[in-house]
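>>> With the input below, show me the fold.
(chains A and B)
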Protein chains: 2
Amino acid sequence: MRNILVVLEYDGTDFYGFQRQPKGPTVQQAVEEAVKRLTGTPTRVTGAGRTDAGVHAYAQVVNFGSEARIPIERWAPALNSVLPQAIAASEAVEVPQEFHARKCAGSKTYLYRVLNRLPRSPLEGRYAHHCPGSLDLKAMQEAMSTLLGRHDFSAFARREAGDRRSPLRTVLRAECWREGQIVNLLLQADGFLQKMARCIVGTVLEVGGGARSLEEMAELLRTRERARVGASAPPQGLFLAQVEYRCAHLQACFGRTFE
Amino acid sequence: MRNILVVLEYDGTDFYGFQRQPKGPTVQQAVEEAVKRLTGTPTRVTGAGRTDAGVHAYAQVVNFGSEARIPIERWAPALNSVLPQAIAASEAVEVPQEFHARKCAGSKTYLYRVLNRLPRSPLEGRYAHHCPGSLDLKAMQEAMSTLLGRHDFSAFARREAGDRRSPLRTVLRAECWREGQIVNLLLQADGFLQKMARCIVGTVLEVGGGARSLEEMAELLRTRERARVGASAPPQGLFLAQVEYRCAHLQACFGRTFE
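Model (predicted):
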């Protein structure tokens, strides 16, 4: 059995997230169906990140086992011929048996795009969250800097009662910058709890708009009180942008690079 | 009667173009309905450019007459509260009676976005034309430069037999440049014949791909033979980007500026 890694770009608007579920179409299901159409054999596709409903990806990394004799350079074009228009494979690599797209991921980078101008924008609305008020980017950057390092991110996540998995994550980069009408927020971490990126962005935007102080942001990390965190930012601004592997099986980085 | 100028941004994907017609929803119809909902009075909306089905606008300029006592700074927000999500008003200005959005336009600028990479892109597909092959941008720029100045653009337009209107237009700017995976083509002219921008882009892309020589491009302008022009480029890559007025009634420029 070969282990095939594929890098996917997708528009998440019409999907119920990455992970297979009964409510409606998901990215995982679409990719599993595409692989089955190509090879005739059902397979299980594993993703690096479980993006939520409506969240996009410049670069999601998946892997799956296959006995098919498709040459590795033919996998991406073959998948693109059967995948729905909203999903495309940009690259395929054959990886060692032990490689697992999620467990082996060293870090993931999410980009959040905010449209910061008074009128709404039909051309940005699909791929950005509209914040018409003025934003203090210096305060937002300071708020994001408090997240750097290893912390218990319970306050910034949706966790089921009784979830025994560790809420500790290490944030490696947390930056924001303006590009014209767009304010970008970048978060790189060794892993993300459920809704963590969007909870952080929602809270940082409250700091940027003056509704919350920098001190409160730091306190949230200490107190871990979910109830006191800002509203989770909507999904259409969020993009899984990069996945990095630095494991024994694979040394590689897929997706967009931000200087 | 006041004369109201409004700058519109729209995603043209789901419209049958700007101009009102029986086949389906158009931008003009949507704006006329929005104005009627606000003021209770039917009105006729005039646009600077008659964008085709599927063509977008960063900045379309329209004007219409209204007796409504809405303060000028409230027009854009009021329209946005009733316009469909795919259209937004970014600005409104009260202009002299004589002002006509199309007849007074000194120049219009169109931007055409080409996605130039091997795999298709779900995140760019809505707003760019996918050309996977290699493109010679130097040759494309030379081809575009031959268009500068005043010419008979009959070869690059769809014209009805018997159309007596002049096919002479003056191209003021014709440039192309790469931004990562996107190749941009910019055309500024005192006016555009029907399908002119997309016919030019289609032909320039053939020069870029090596299917057509620079000499042929120059010859098309001389011979004016429509049949020999390249295929018209698809609508989703085209954006009405800027409209400039330098008339007695208005000195202003609306939309995106390209350095």
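>>> just checking, A:Ile4 touches A:Asn63?
Yes: counting by C-beta atoms under 8 Å, A:Asn63 is a contact partner of A:Ile4 at 6.4 Å. C-beta coordinates here come from the backbone N, C-alpha and C atoms, glycine included.
>>> any shared contact partners between those two?
Listed as contacting both A:Ile4 and A:Asn63 by C-beta atoms under 8 Å, 6 or more residues apart in numbering or on different chains are A:Val95.
>>> A:Arg44: what's it in contact with?
A:32, A:64-65.
>>> Switch the residues you listed over to TSV; also include secondary structure.
TSV is the format used below for those (DSSP: H, G, I helix; E, B strand; the rest coil):
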residue	secondary structure
A:Glu32	helix
A:Phe64	strand
A:Gly65	strand
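>>> Show the average pLDDT along stretch A:117-126.
For stretch A:117-126, mean pLDDT rounds to 95.
>>> go on, stretch A:247-259?
According to the model, stretch A:247-259 has a mean pLDDT of 92.
>>> Is that stretch positioned near chain B?
No: if you take C-beta under 8 Å from any C-beta of the partner chain as the test, stretch A:247-259 misses chain B, and the best it gets is 9.6 Å.
>>> Give me the residues contacting that stretch.
For stretch A:247-259, using C-beta under 8 Å, 6+ apart, the contacting residues are A:5, A:7, A:58-59, A:61, A:91, A:93, A:95-96, A:98-99, A:104, A:106, A:109, A:111, A:175, A:186, A:240-245.
>>> If we check chain B, which of those residues are in contact?
Answer for these near chain B (C-beta under 8 Å from any C-beta): A:58, A:91.
>>> quick one on the thing from earlier: would you mind checking the contacts of A:Arg44 for buried ones?
A:32, A:64 (16 or more other C-beta atoms under 10 Å in any protein chain shown).
>>> okay, A:Ser154: pLDDT?
A:Ser154 is given a pLDDT of 90.
>>> can you check A:Asp163 too?
79.
>>> Tell me how many other residues crowd it.
Number of residues near A:Asp163 (other C-beta atoms under 10 Å in any protein chain shown) recorded here: 13.
>>> Among the contacts of stretch A:247-259, which lie within strands?
A:5, A:7, A:58-59, A:61, A:91, A:93, A:95, A:106, A:109, A:111, A:175, A:186, A:240-245 (DSSP state E).
>>> Can you flag the buried ones in these?
Judged by 16+ other C-beta under 10 Å, buried ones among the ones in strands among the contacts of stretch A:247-259: A:5, A:7, A:58-59, A:61, A:91, A:93, A:95, A:109, A:111, A:186, A:240-245.
>>> Of all the residues in the lowest-mean-pLDDT helix or strand in chain A, which ones are buried?
Within chain A, no helix or strand scores below helix A:214-223, which has a mean of 88 by mean pLDDT, DSSP states H and E. Residues of helix A:214-223 classed as buried by neighbour count (16+ other C-beta under 10 Å): A:216-217, A:220-221.
>>> and it, what does it pack onto?
Applying 3 or more C-beta pairs under 8 Å, 6 or more residues apart in numbering or on different chains; DSSP states H and E, we find helix A:214-223 packed against helix A:137-145, helix A:196-208.
>>> quick one: secondary structure of A:Ala231?
coil.
>>> Pretty sure A:Val201 is one of the things it touches, is it not?
No: in this structure, A:Ala231 is not within contact of A:Val201 by C-beta under 8 Å, at 10.0 Å.
>>> out of the contacts of A:Arg44, which one sits closest to A:Ala86?
Using C-beta to C-beta, A:Glu32 comes nearest to A:Ala86 of the contacts of A:Arg44, at 15.4 Å.
>>> residues from chain A in reach of chain B?
A:9-11, A:56, A:58, A:76-77, A:80, A:85-91, A:119-123, A:125-127.
>>> repeat that for 6 Å
A:9-11, A:86-88, A:90, A:119-123 (C-beta under 6 Å from any C-beta of the partner chain).
>>> Next, the angle from the least confident helix or strand of chain A to helix A:137-145.
Interaxial angle of helix A:214-223 relative to helix A:137-145 (axes from the mean of the first three to the mean of the last three C-alpha atoms, to 10 degrees): 10 degrees.
>>> Tell me the residue in chain A that is farthest from the middle.
Relative to the centre of chain A, and counting by C-alpha atoms, centre = their mean, the farthest-placed residue is A:Arg69 at 31.4 Å.
>>> Please report the distance of that residue from chain B.
Distance of A:Arg69 to chain B, given as C-beta to the nearest C-beta, to the nearest Å: 22 Å.
>>> Which pLDDT value belongs to that residue?
94.
>>> For A:His130, which residues are in contact?
Listed by C-beta atoms under 6 Å, 6 or more residues apart in numbering or on different chains, the contact partners of A:His130 are A:115, A:120.
>>> A:Ala76 now?
A:89, A:91-92.
>>> again, only using 7 Å
A:6, A:89-92, B:119 (C-beta atoms under 7 Å, 6 or more residues apart in numbering or on different chains).
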